[in-house]
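Undergrad: sequence and computational prediction follow.
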Amino acid sequence: MPTRMASIAQDIFLRLVRCLRLPSCCALCNMAARPADGVLCDGCRQQFLQIDVPRCASCAIRLTVLSDALCGACLHQQPAFDATIAAVDYRAPLDQLLLGLKFSGQLAFAPLFAELLRDALLDHSRLDGQTLPLPEVLLAVPLGEHRLIERGFNQALEIARVLSHLLGLPLLTHLPLRDRETLAQSRLPMSQRHLNMAGAFAMPAGASALLTGRHVGVVDDVMTTGATLNAMATVLKRHGATRVTNLVFARTPI
């Protein structure tokens, strides 16, 4: 119950921030302008938010040319997920926005991330004049119980709440579950991250009825090796999902 009440309070706070439109400084350049969205000024949007960049169709790593091609790693071993949509690269100065949301409770950043993700997803769905299928349902990567208590909110879920409204898609907030606590991925070397996430997720009873035959969109704030999202996709497909698309705000250029 306390967790649910905290989530409701956070949702109300986000709505108030969006409605009040109070004058503020740009979160990146600190100019005393009034950002249209309450977060970034127009100059920083134009300079740093480049959505249309060439990316691997599977894992969204940046490529040197625009195409539907896969990167070498995905050609060598196809992940359990089918596609990844990323709005931006995880690099300065945009990394400060993610850190602000994740570790400083800057919940007003979540709507910006969701809006940019929506734009990236819709742009991808119209690639080369084709109409590619959108997800039918959204999920957010869950936090472990201890980390959720420590942080007070799940940043992926905060982004997913707004994105579900923007896209008009249902959000299954109770799927999946963290089957066990894991070490923070950011503290582990790349070689250990897949092992750390093995068996980390489980589905409650009745999940298959909600997932079978559906295209599932999995929302997260940042993707580095893809170990977490690969573990998620494995469990989702085991319970009947036919396609899994990752929707991440930022992709680490590794």
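TA: Nice, I can see it.
Undergrad: now do the buried residues in stretch 211-221.
TA: Judged by neighbour count using 16 or more other Cβ atoms under 10 Å, the buried positions of stretch 211-221 are Leu211, Arg214, His215, Val216, Gly217, Val218, Val219, Asp220, Asp221. Placement of C-beta: from N, CA and C, glycine included.
Undergrad: for His124, see how far away the residue nearest to the second one when sequence neighbours are not counted is.
TA: Just to be clear, that refers to Arg214. Taking Cβ to Cβ, 6 or more residues apart in numbering as the measure, Arg214 lies nearest to Glu136, with 4.8 Å between them; neighbours along the chain are not counted. Remark: distance between Glu136 and His124 (Cβ to Cβ, to the nearest Å) = 16 Å.
Undergrad: the two: which is more packed in?
TA: Taking Glu136 and His124 together and counting by other Cβ atoms under 10 Å, His124 has the greater number of neighbours (20 against 16).
Undergrad: give me the contact list for the helix or strand hosting that one.
TA: Following DSSP states H and E, the helix or strand that holds His124 is helix 109-125. The contact list for helix 109-125 (Cβ atoms under 8 Å, 6 or more residues apart in numbering) reads 14, 17-18, 27, 37, 39-40, 49, 51-52, 85-88, 97-98, 100-101, 131-134, 155, 158-163, 166-167, 219, 221, 247-249.
Undergrad: now list the buried members of those.
TA: Going by neighbour count (16+ other Cβ under 10 Å), those have 14, 17, 27, 39-40, 51, 85-88, 97-98, 100-101, 155, 158-163, 167, 219, 221, 247-249 buried.
Undergrad: filter those residues down to the ones in helices?
TA: In this view, those that belong to helices under DSSP state H are 14, 17, 97-98, 100-101, 155, 158-163, 167.
Undergrad: can you pull the contacts of Leu171?
TA: With contact set as Cβ under 8 Å, 6+ apart, Leu171 has these partners: Val137, Leu138, Leu139, Ala140, Ala160, Arg161, Ser164.
Undergrad: what is the most widely separated pair among these?
TA: Taking Cβ to Cβ as the measure, these reach their widest spread between Val137 and Arg161, a distance of 13.9 Å.
Undergrad: that older thread, distance to Ala202 and pLDDT for the buried residues of stretch 211-221 - can I get that in a markdown table?
TA: Written out in a markdown table, the entries for the buried residues of stretch 211-221 read as follows (distance: Cβ to Cβ, whole Å; pLDDT from 0 to 100):
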| residue | distance to Ala202 | pLDDT |
| --- | --- | --- |
| Leu211 | 13 | 97 |
| Arg214 | 19 | 97 |
| His215 | 21 | 98 |
| Val216 | 16 | 98 |
| Gly217 | 20 | 98 |
| Val218 | 15 | 98 |
| Val219 | 19 | 98 |
| Asp220 | 18 | 97 |
| Asp221 | 22 | 96 |
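Undergrad: using JSON lines, lay out these together with distance to His76.
TA: Rendered in JSON lines, the data for the buried residues of stretch 211-221 read as follows (distance: Cβ to Cβ, whole Å):
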{"residue": "Leu211", "distance to His76": "28"}
{"residue": "Arg214", "distance to His76": "28"}
{"residue": "His215", "distance to His76": "25"}
{"residue": "Val216", "distance to His76": "25"}
{"residue": "Gly217", "distance to His76": "25"}
{"residue": "Val218", "distance to His76": "22"}
{"residue": "Val219", "distance to His76": "27"}
{"residue": "Asp220", "distance to His76": "23"}
{"residue": "Asp221", "distance to His76": "27"}
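Undergrad: perfect, that will be all.
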